[in-house]
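1. I'd like to go over a predicted model; first the sequence, then the structure.
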Amino acid sequence: MMYAVIKVVHVLSAVILIASFWSTLLWKTRVDVLDDAKVTSWACSKMGRFDYWLRLTATLLLGTSGLLMSALAGLPLERVPWLVQG
């Protein structure tokens, strides 16, 4: 049961991480069309703060949950080097 919960957290954090990249791309593209320096500056500062918080949280959850799943599965880190190198 614990493995399944951690796996759900892992998948959700990956989805949030990918979605944050796409939302930044879409918002930045939308703001650039307006061609107003004040609006672009305001939007980029708000997006930057929110994305930093969102991406940091998702990245930490993704790494932690991946390592926890490997520990619960009994995989030693020397047998699966992509967990340490990735």
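-> Right, received. Where do you want to start?

2. only C-alpha atoms for contact and neighbour calcs from this point on.
-> Noted.

3. Geometric centre of this protein: which residue is closest?
-> In the chain, the residue lying closest to the centroid (CA atoms, centre = their mean) is residue 17, at 2.5 Å.

4. residues in contact with that one?
-> Residue 17 makes contacts with 54-55, 58-59, as judged by CA atoms under 8 Å, 6 or more residues apart in numbering.

5. Residue 79 now?
-> Residue 79 neighbours (CA under 8 Å, 6+ apart): none.

6. Now it. Its backbone dihedrals?
-> Dihedral angles of residue 79 (phi, psi; degrees, to the nearest 10) stand at phi -90, psi -20.

7. And the helix or strand encompassing residue 69, what does it pack against?
-> Element membership for residue 69, per DSSP states H and E: helix 37-73. Secondary-structure packing of helix 37-73 (3 or more CA pairs under 8 Å, 6 or more residues apart in numbering; DSSP states H and E): helix 2-34.

8. Measure how far the helix it packs on is from the centre of its chain, please.
-> 6 Å (CA atoms, centre = their mean, to the nearest Å).
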